[in-house]
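In: I'd like to go over a predicted model; first the sequence, then the structure.
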Amino acid sequence: MSDDLQPIAPATAVNLYLDNREPELSEKSLTNQRYRLNSFIEWTQSKGIENMNELNGRDLHEFRVWRRQGRGNKYGEVSKVTLRGILATLRKFLEFCASIDAVEQGMRERVLIPDITPEEASKDEKLDTEHAEAILDHLNRYQYASREHVIFGILWHTGIRLGSLRSLDLRDFDADGQYLQLRHRPETGTPLKNGRAAERSIAVGDFYTEVILEYIENHRDSVTDEYGREPLITSDRGRLSETPIRSAVYQWTRPCMVGECPHGENPESCEYMTRDTASGCPSSRSPHGIRRGSITKHLRDGTPEEVVSDRMNVSSDVLDQHYDQRSEREKMEVRREFVDDA
């Protein structure tokens, strides 16, 4: 250990790093980085490492294995793709730590990033159609037009991103025309991922038009956000943030919400039954998992790729590599619908 290093606790170093990155990162990216580095903090605590100066290459290897195998109290086993993201964040953090004399120069290079193939990079968990329909049937029967029903219904039916859902205002819903209007409004806190190129109208159909109308009339909190806009998806304090939307999705995609647990757990004692731990359930899915499942369903149902591309705001190349999970046989059967064999 170099004599030039200045002692600092891991948690303190993480907070300094996140403060340093805050001006350049979105709220979502900052939250993701904090989550990844919190696992590093837990690992240092389990190892009794109280000073970043003590860190060495062997420690970093141990953390890599520890995180991949999900040995912590709060973190489960992760895929190679997820591990790569965690370690990439750790590298950036160690680069910052070196700049403030918390670790030796070059420590970031001792974090070995796993290589992944394009096929591995494109694989991600998606919500299966059968599971999605079971959830929607349950919400339709027992929590019709609730906020959760609207969140889940819109995400599945339209395949839009979480940020797009959150950006919607009351005036963006046209009940007569039966569509939602997505608009890029970064100056008032709701940018769309692809900027103005992502602005579009999305048809919602008879059923979800009625669900949204019922929600607005009977369940939506009549509030404005900090910019004076009237959001569609609300809490009693204003526009609903991404965190509770994500939490609701994780909670409702746990299989035990609509059926039996496939992992043999008792819901009364399962550690993943709280709002804060639901994402740890091996079968729960993120909002992106809903988007992936929705896109796959549209493609399997025979919706032309150019229609899916426009509706979900995803390029054909990205659609093919990251979202289209149909087998070659399924693709052939869809093409058959448009080919005259006579």
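Out: The structure has been received and is ready for your questions.
In: what is the helix or strand encompassing V65 packed up against?
Out: Per DSSP states H and E: V65 is located in helix 57-68. In terms of contacts (3 or more CB pairs under 8 Å, 6 or more residues apart in numbering; DSSP states H and E), helix 57-68 is packed against helix 27-47, helix 80-99. (Glycine included, C-beta is placed from N, CA and C.)
In: again, only this time at 6 Å
Out: Under the contact definition 3 or more CB pairs under 6 Å, 6 or more residues apart in numbering; DSSP states H and E, helix 57-68 sits against helix 27-47.
In: just the CA atoms of the helix it packs on, as CSV, please.
Out: The C-alpha coordinates for helix 27-47 follow below in CSV (Å, rounded to 0.1, in the frame of the first residue of the first chain):
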residue,chain,number,x,y,z
GLU,A,27,-31.6,10.1,-12.2
LYS,A,28,-32.1,6.5,-13.5
SER,A,29,-28.4,6.0,-14.2
LEU,A,30,-27.4,7.4,-10.8
THR,A,31,-29.9,5.1,-9.1
ASN,A,32,-28.5,2.1,-11.0
GLN,A,33,-24.9,3.0,-10.1
ARG,A,34,-25.8,3.4,-6.4
TYR,A,35,-27.5,0.0,-6.4
ARG,A,36,-24.5,-1.7,-8.0
LEU,A,37,-22.0,-0.1,-5.6
ASN,A,38,-24.2,-0.8,-2.5
SER,A,39,-23.4,-4.5,-3.1
PHE,A,40,-19.7,-3.6,-3.1
ILE,A,41,-20.2,-1.8,0.3
GLU,A,42,-21.9,-4.9,1.7
TRP,A,43,-19.1,-7.1,0.5
THR,A,44,-16.4,-4.8,2.2
GLN,A,45,-18.4,-5.0,5.4
SER,A,46,-18.6,-8.8,5.3
LYS,A,47,-14.8,-8.8,4.7
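In: I'd like the average pLDDT over it.
Out: The average pLDDT within helix 27-47 is 87.
In: residues making contact with that helix?
Out: Residues from elsewhere that reach helix 27-47 (CB atoms under 6 Å, 6 or more residues apart in numbering): P10, A11, V14, L18, F63, W66, R67, G72, Y75, I86, T89, F93.
In: check which residues of that helix are buried.
Out: Judged by neighbour count (16 or more other CB atoms under 10 Å), helix 27-47 contains these buried residues: T31, Q33, R34, R36, L37, S39, F40, I41, E42, W43, T44.
In: quick one: the strands in the protein?
Out: 173-174, 179-182, 200-203, 234-235, 238-239 (DSSP state E).
In: domain assignment for this structure?
Out: Annotated domains of the chain cover 10-122, 129-284, 293-336 [automatic domain parsing].
In: before we move on, back to that, include distance to S279, mean neighbour count and mean pLDDT when you put the strands of the chain into TSV, please.
Out: Listed next are the strands of the chain as TSV, based on distance: least, CB to CB, whole Å; neighbours: other CB atoms under 10 Å; pLDDT from 0 to 100:
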stretch	distance to S279	mean neighbour count	mean pLDDT
strand 173-174	29	16	96
strand 179-182	26	20	96
strand 200-203	27	16	93
strand 234-235	20	17	96
strand 238-239	22	20	96
